[in-house]
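Q: For reference, the sequence and a predicted model appear below.
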Amino acid sequence: MKIAIAGAGGFIGGHLVKDLMNKGHEIVAADIKPTDQWYQKFEAENVTNMVANLEEKQACYDFAKGTDRIYNLACNMGGMGFIQNNHALCMQSVLIQTHMLMAARDEGVKQILYSSSACVYPEEIQEEILDAASQGLKEHTAIPANPQDGYGWEKLFSEIITHYFAKDFSLEPRICRYHNVYGPYGTWDGGREKAPAAMCRKVIQAKMSGNHEIEIWGDGEQTRSFMFIDDCLTGMEKLWASSFADPINLGSDEMVSINELVDITEEIAGIKLQRKYLLDKPQGVRGRNSDNTLIREVLGWAPEVRLRDGMEKTYAWIHDQIVSGGLK
């Protein structure tokens, strides 16, 4: 199968290219970044690398031409600090999925996967800290809509337009609402990193510097769930093997507070740090978890890698990057 992967120079995209390449598929890998800035490098006979701005219509047509399936993982995003301070840039990504759907329609590509986000869910149902089961977000609660400013609205709009293109032009979509994917070969510094990578970096730097203090955005009691990259890849593969075309949560339901995430990271590092809480920093919603009822019904499976196990691998990789001065 010839598969096109948008956002291939990013975290999830890089892992996906490697996985599908190793399974023998022919890959067209595209990203707006120069290839020397891609998080994983691909020099293989079955991989074609493209540097392209996929917000542009023609770039999407060139990318999709002659392929059998599209994964659209491309968007302008990052951690909470980036999302809350770049609403217009995040919204601009609606151009990518809109043009990609047009290209799929006109180039005869029936299968397209859209990478959505837990940020599509209404903020008012995430304002309190509840137990893990009550905090779980069910797919149907995304409507009536009040998603996160900018980034959440872009993701929800792109889900909706994907639904209409599928209905009107007989496309076969898959729509994954990712919940905080983490792991090696991801951003760990610079403002776009997610919480697991940020915690690993902060703990490693505190341990190496001898300044045993860590800054935490908010009071640390806000809750999240985090999905290891291996589960993300497995979930997408299993979803293609099904016939399910509606939005579905792809995330762990192992909910922790940010303070508990710090506990886990400290335990891995073998150190205890003094915590400095920055209450004026972006924190996002108060409580969020993935409700995995639907994915278990549809796939007979749900993400299963324990947070502690995934964090050990992520910590080890980020430690090596810091020591070697590697890509952030």
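A: Good, I have the coordinates.
Q: Distance-wise, check the residue of the chain most remote from its centre relative to L273.
A: The outermost residue of the chain relative to its centre, with distances by CA atoms, centre = their mean, is G210 at 32.7 Å. Between G210 and L273 the computed distance is 11 Å (CB to CB, to the nearest Å). Yep, even glycine has a C-beta here, placed from its N, CA and C like the rest.
Q: Just the buried positions in stretch 293-311, please.
A: 294-295, 298-299, 302-303, 305, 307, 310-311 (16 or more other CB atoms under 10 Å).
Q: Please enumerate residues in contact with that stretch?
A: 136, 138-139, 182-183, 196, 200, 226-232, 234-235, 238-239, 242, 244, 248-254, 256, 261, 264-265, 267-268, 290, 292 (CB atoms under 8 Å, 6 or more residues apart in numbering).
Q: same question, stretch 87-104
A: 6, 54-57, 59-61, 63-65, 70, 72, 74-77, 83, 109-110, 112, 114, 149-151, 153-154, 157-158, 161-162, 165, 171.
Q: what's the offset of stretch 245-256 from the middle of its chain?
A: Relative to its chain's centre, stretch 245-256 lies at 11 Å (CA atoms, centre = their mean, to the nearest Å).
Q: Could you tell me which residues within that stretch count as buried?
A: For stretch 245-256, by 16+ other CB under 10 Å, it's 245, 247-256.
Q: so how far is the first residue of it from its last?
A: Its start and end residues considered, stretch 245-256 measures 30 Å (CA to CA, to the nearest Å).
Q: just to revisit the earlier point, need the max-distance pair from the buried residues of stretch 293-311.
A: Using CB to CB, the two most remote members of these are V298 and M311, lying 27.8 Å apart.
Q: Could you check the pLDDT of the nearest residue to K313 once chain neighbours are set aside?
A: Counting by CB to CB, 6 or more residues apart in numbering, K313 lies nearest to P184, which is 6.1 Å off, once chain neighbours are set aside. Here the pLDDT value assigned to P184 is 97.
Q: P184 falls within a strand, correct?
A: No. Using DSSP: H, G, I helix; E, B strand; the rest coil, the assignment for P184 is coil, not a strand.
Q: contacting residues around it?
A: Contacts of P184 by CB under 8 Å, 6+ apart are 229, 313-314, 316-318.
Q: what about the stretch 101-250 of the chain, any weak spots by pLDDT?
A: Applying pLDDT under 70 to the stretch 101-250 of the chain flags no residue at all.
Q: Determine how far the helix or strand encompassing I160 lies from the middle of the whole chain.
A: Taking DSSP states H and E as the definition, I160 sits inside helix 151-169. Chain-centre distance of helix 151-169: 18 Å, with CA atoms, centre = their mean.
Q: For the stretch 51-200 of the chain, which segments count as helices?
A: 57-64, 80-85, 87-91, 94-107, 132-135, 151-169, 195-209 (DSSP state H, counting those that start in this stretch).
Q: For my notes, please list the ones you listed in JSON lines and give distance to Q222 and mean neighbour count for each entry.
A: Below are the helices of the stretch 51-200 of the chain laid out as JSON lines (distance: least, CB to CB, whole Å; neighbours: other CB atoms under 10 Å):
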{"stretch": "helix 57-64", "distance to Q222": "37", "mean neighbour count": "20"}
{"stretch": "helix 80-85", "distance to Q222": "10", "mean neighbour count": "18"}
{"stretch": "helix 87-91", "distance to Q222": "21", "mean neighbour count": "17"}
{"stretch": "helix 94-107", "distance to Q222": "28", "mean neighbour count": "21"}
{"stretch": "helix 132-135", "distance to Q222": "11", "mean neighbour count": "15"}
{"stretch": "helix 151-169", "distance to Q222": "17", "mean neighbour count": "20"}
{"stretch": "helix 195-209", "distance to Q222": "10", "mean neighbour count": "21"}
